[in-house]
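**Q** below is the sequence, then the predicted model.
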Amino acid sequence: MARVVPLADAVAELVRDGDSVALEGFTHLIPFAAGHEIIRQGRRDLTLIRMTPDLVYDQLIGMGCARKLVFSWGGNPGVGSLHRFRDAVQNSWPRPLEIEEHSHAGMVNRYVAGASGLPFAVLRGYAGTGLAEHTETVKPITCPFTGEELTAVPALNPDVSIVHAQRADRRGNVQLWGITGVQKEAVLAARRSLVTVEEVVDELDDRRGAIVLPSWAISLVSHAPRGSHPSYSLGYTVRDNDFYVAWDAISRDRDAFTAWMREHVL
């Protein structure tokens, strides 16, 4: 059964230097609070995994936490580039960043394979792209039944997966609703997992949806109100669109970025 512990204790217990760490959430329920705690605890040499790295990964990369990024799209949604990500790739600041790029379908299938205990996934999703020429973890495979040429990608099994959700009970069962991404698959594929939640309650209300992540599938749960800000948690908070726009200017300049992180995160 998952234990409910303070966020700082959860990160200290689960996330170690050199780990592969997935922080998933799509459009909303992005686990910013957990990402900020990783930064505060000074974790280093992380392989960061996320289908759509956005501001929280820009911050982790800019603060020197990451040595590698595994992803399928990166940007400031609706605004533009991730400037700390770009600076790391182009100029090795604050340290060099290795990248491994996949398609969305490839990343989803990698998580599903990891959650299913399989060594790899097979799909058609790379046909007509140049990703196989640049990504070592994209390989051709021939169907043994039809002879069709397909693509294989290895399973993703993060050392730690972290997601944000609306609600958990005190036994660690988690409800999550609204737009969902690969939160369930990422948690089931991981060796260790943390779910931050807006609210911890005695009993879950089944009118708000089923238990998406049962207690047995989770290592730790932490109460983190507004833990997805500046993204949102449907039913609890709204998206801070102004912050996404403001981040473009904050993150363009190294000194402005460092000052903002020191004041608002560290």
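**A** Sure, I can see it.
**Q** which residues in the stretch 1-150 of the chain form helices?
**A** For the stretch 1-150 of the chain, the helices defined by DSSP state H, counting those that start in this stretch occupy 7-14, 32-40, 55-62, 83-91, 104-116, 131-134.
**Q** state the mean pLDDT of the last one.
**A** Regarding helix 131-134, the rounded mean pLDDT is 87.
**Q** the longest one now?
**A** For helix 104-116, mean pLDDT is 97.
**Q** Thr258 and Gln59, how far apart?
**A** 11 Å (C-beta to C-beta, to the nearest Å). C-beta: built from backbone N, CA, C; applies to glycine.
**Q** more neighbours, these two?
**A** Between Thr258 and Gln59, counted using other C-beta atoms under 10 Å, the more crowded position is Gln59 (25 against 14).
**Q** look up how far Ala246 lies from that one.
**A** Counting by C-beta to C-beta, the gap from Gln59 to Ala246 is 14 Å.
**Q** out of the helices of the stretch 1-150 of the chain, which is the most enclosed?
**A** helix 55-62 (a mean of 25; mean count of other C-beta atoms under 10 Å).
**Q** helix 83-91 and that one, what's the angle between them?
**A** Angle of helix 55-62 versus helix 83-91, following axes from the mean of the first three to the mean of the last three C-alpha atoms, to 10 degrees, is 40 degrees.
**Q** so which elements touch helix 55-62?
**A** Judged by 3 or more C-beta pairs under 8 Å, 6 or more residues apart in numbering; DSSP states H and E, the packing partners of helix 55-62 are helix 32-40, strand 46-50, strand 66-71, helix 83-91, helix 241-252, helix 254-264.
**Q** now distance to Thr180 too, for the ones you listed, in JSON lines please.
**A** JSON lines is the format used below for the helices and strands packed on helix 55-62 (distance: least, C-beta to C-beta, whole Å):
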{"stretch": "helix 32-40", "distance to Thr180": "18"}
{"stretch": "strand 46-50", "distance to Thr180": "15"}
{"stretch": "strand 66-71", "distance to Thr180": "19"}
{"stretch": "helix 83-91", "distance to Thr180": "25"}
{"stretch": "helix 241-252", "distance to Thr180": "21"}
{"stretch": "helix 254-264", "distance to Thr180": "28"}
